[in-house]
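Trainee: Here is a sequence together with a model predicted from it:
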Amino acid sequence: MKKIKQIARLVEWEAFLWSVGMLYLLFINPYQESHVSLCPYKNLGIEFCPGCGLGRSISFFFHGDFLHSIQSHPLGIIAFIIILARIVHLVRRKYFNKKQSEVMYG
């Protein structure tokens, strides 16, 4: 149990989850039409959802297909940049700021 607590202190969980999500989008095939949707709007039969296509747009962006990325969701590339910036911010805050304060205050 002590070992698990030590590992949990080393990991920035939000950054880890965002990274896993981005890796998933990197490795999926965005050209595949059939997929299971977790969207509550789609599952209720509502056609318009402001978030639908965002993950697919990021996946197209990862694969270098910028036209389909913008067509899937116009904010996909911006969402990618925001998520990446969030991951970098969390990692820097967790690992680099802590080391600086330890050096400064001993």
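Mentor: Arrived safely, thanks for sending.

Trainee: what comes up buried for stretch 60-79?
Mentor: 60-63, 65, 68-69, 72-73, 76-77, 79 (16 or more other CB atoms under 10 Å). Glycine gets a C-beta too; all of them are placed from N, C-alpha and C.

Trainee: Now do the closest residue to residue 75 other than its chain neighbours, the pLDDT please.
Mentor: With CB to CB, 6 or more residues apart in numbering as the criterion, residue 75 has its nearest non-adjacent residue at 7.0 Å, and that residue is residue 54. Note on residue 54: pLDDT of 91.

Trainee: Likewise for residue 26?
Mentor: pLDDT, residue 26: 92.

Trainee: which ones are touching it?
Mentor: The contact partners of residue 26, taken as CB atoms under 8 Å, 6 or more residues apart in numbering, are 59, 62.

Trainee: swap in residue 18?
Mentor: Counted by CB under 8 Å, 6+ apart, residue 18 has contacts 83, 86-87, 90.
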